[in-house]
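*Asks:* quick one: sequence plus predicted model below, questions after.
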Amino acid sequence: MTLTNPIATVPDDPVVRAKAILPQLAELGARYDAAPIFPVDSMKVLAAADLHRTFAPVESGGVAFADAASRNLCMMSVLRIVGRADLSVGRLYEGHVNAVTLFDWYGSAAQKVDLGQKLNRNAFYGVWATEPQPGVRISASDGVDMLEGAKSFATGAGGLAYAVITAQPADGSRRLVVVPADQAERADLSQWRVRGMRATGSGLYDVSGMTVDAGAYLGAPGEYDLEPRFTTGAWRFTAVQLGGIEALLIETRACMSETACADPLQRAKFADAVAANRTAYLWVRECALRAASEDADGPAFARMTRGIVERAALDVMELAARIVGTRSAMDGQRIDKIIRDLSLYLRQAGPDYARDQAALAWLDHDAWGAEDSLW
């Protein structure tokens, strides 16, 4: 999807811009939850706030941050805010941020210029790595590279303008390829019948028969899988999930009656929810900083952060239901939508395996860091 609305004059601070559009994204999110289609209007709101360009390479029109830490902390705040508004749009936006980050790391000068031109037309990108076997393959015929296969759980399939996908050549490590993502005839969303995250449109996308010219390859073979960037990058989607937890906490407080606020048992539950939320915040923030410094233990830290965020979300969902009661499960209530969205979003990419791998790393050494090691 490439949007055509003009870019409005917006404040310089991306966080201010994100906060300004939060109410509008939340309102649109309720509409797309009720009648799930690709959230075109929500993406237009993001583009009008110029947030689709913020974290792109400077050569593509992105913000020139002072350093990697400043960039990641700003990104964390924006991802949280968009996640607070609507987790489906947060998931789509996080994929776009992931994609433009890959251009920043691995794109050629020409690719960065081309990205900037497409962002000028308000194009949105995704990153699709999950695939049914045997996966997406690259074959050569008469000197032309061709793709065969499909991507699964392809967020925004048929709605985004482009996607950065992983593909396996006949020899060597897998590669990143930029492909059109808006060809509706290639998208199959028939299985995306879910109770949460409905507007993400995460379905199959068949890339068979697409040709790949040299300019469509992003980076060198194997670069996408390089650590610590590959695994530590999970911090970005935990920031969106954190935004959902924050939204749930905000809604829970708003729903508490005077009687509930006067009840010490209900206040204790609310205090537990606040503590869980802020614990997750501290871990995500620390993980964003570890990612910025490309800490060698970043993968272990990101895996542990995923578990911390999951636990916080599960706790706050239960506490919210206990505090608010039946109203928390009523159709049309914002608190119900947030719980449904979070419940599904937390299932991303094997959380139990990630937590186990984090435990193995911490058993070997204190991955918190040598400057404050406990063992």
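*Replies:* Noted; the coordinates are in hand.
*Asks:* quick one: mean pLDDT for the helix or strand containing residue 341?
*Replies:* Element membership for residue 341 (DSSP states H and E) is helix 334-345. The average pLDDT within helix 334-345 is 96.
*Asks:* buried residues in the next helix or strand after it?
*Replies:* Later in the chain than helix 334-345, the nearest helix or strand by DSSP H and E is helix 351-364. Neighbour-count burial for helix 351-364 flags 351, 354-355, 357-358, 361-362 (criterion: 16 or more other C-beta atoms under 10 Å). C-beta: built from backbone N, CA, C; applies to glycine.
*Asks:* and those, which is closest to residue 63?
*Replies:* Checking the buried residues of helix 351-364 against residue 63 with C-beta to C-beta, the nearest one is residue 354 at 30.5 Å.
*Asks:* tally of neighbours for the residue lying closest to the closest one once chain neighbours are set aside?
*Replies:* Excluding its sequence neighbours, the residue lying closest to residue 354 (C-beta to C-beta, 6 or more residues apart in numbering) is residue 303, at 4.3 Å. When counting by other C-beta atoms under 10 Å, one arrives at 25 neighbours for residue 303.
*Asks:* now do residue 311
*Replies:* Neighbours of residue 311 under the rule other C-beta under 10 Å: 16.
*Asks:* wait, it touches residue 276, no?
*Replies:* Yes. With contact defined as C-beta atoms under 8 Å, residue 311 counts as touching residue 276 (7.5 Å).
*Asks:* for the longest strand anywhere in the chain, packing partners?
*Replies:* For the chain, the strand with the greatest residue count under DSSP state E is strand 162-169. For strand 162-169, the packing partners by 3 or more C-beta pairs under 8 Å, 6 or more residues apart in numbering; DSSP states H and E come out as helix 87-106, strand 125-128, strand 137-141, strand 150-154, strand 175-180.
*Asks:* so which of these is nearest residue 190?
*Replies:* Set against residue 190 and scored by C-beta to C-beta, the helices and strands packed on strand 162-169 come closest in strand 150-154, at 12.5 Å.
*Asks:* nearest to residue 23, out of the helices and strands packed on strand 162-169?
*Replies:* Here helix 87-106 is closest among these (C-beta to C-beta), at 13.2 Å.
*Asks:* and the angle from that closest one to helix 334-345?
*Replies:* 40 degrees (axes from the mean of the first three to the mean of the last three C-alpha atoms, to 10 degrees).
*Asks:* just want the angle from helix 87-106 to strand 150-154.
*Replies:* Using the same axes, to 10 degrees, helix 87-106 lies at 130 degrees relative to strand 150-154.
*Asks:* could I get the buried residue list for helix 87-106?
*Replies:* Buried, per 16+ other C-beta under 10 Å, within helix 87-106: 87-104, 106.
*Asks:* give the contact list for the spatially most central residue of the chain.
*Replies:* Centroid check for the chain by C-alpha atoms, centre = their mean gives residue 94 as the closest residue, at 3.0 Å. Residue 94 sits next to 79, 236-237, 239-240 when contact means C-beta atoms under 8 Å, 6 or more residues apart in numbering.
*Asks:* now with 10 Å?
*Replies:* Residues near residue 94 by C-beta atoms under 10 Å, 6 or more residues apart in numbering: 75, 78-79, 82-83, 87, 126-127, 155, 236-241, 243.
*Asks:* how far away is it from residue 35?
*Replies:* Residue 94 sits 23 Å away from residue 35, going by C-beta to C-beta, to the nearest Å.
*Asks:* over to residue 267?
*Replies:* Distance from residue 267 to residue 35, by C-beta to C-beta: 38 Å.
*Asks:* quick check: bridge partners of the residue lying closest to residue 186 once chain neighbours are set aside?
*Replies:* Spatially, and ignoring its direct neighbours in sequence, residue 186 is nearest to residue 206 (4.8 Å; C-beta to C-beta, 6+ apart). In this structure, residue 206 bridges to residue 150 when assessed by DSSP bridges.
*Asks:* okay, now residue 206: neighbour count?
*Replies:* Other residues within reach of residue 206, judged by other C-beta under 10 Å, total 19.
*Asks:* buried stuff in the helix or strand residue 321 falls within?
*Replies:* Element membership for residue 321 (DSSP H and E) is helix 298-324. Within helix 298-324, the residues that count as buried by 16+ other C-beta under 10 Å are 298-313, 315-317, 319-321, 323-324.
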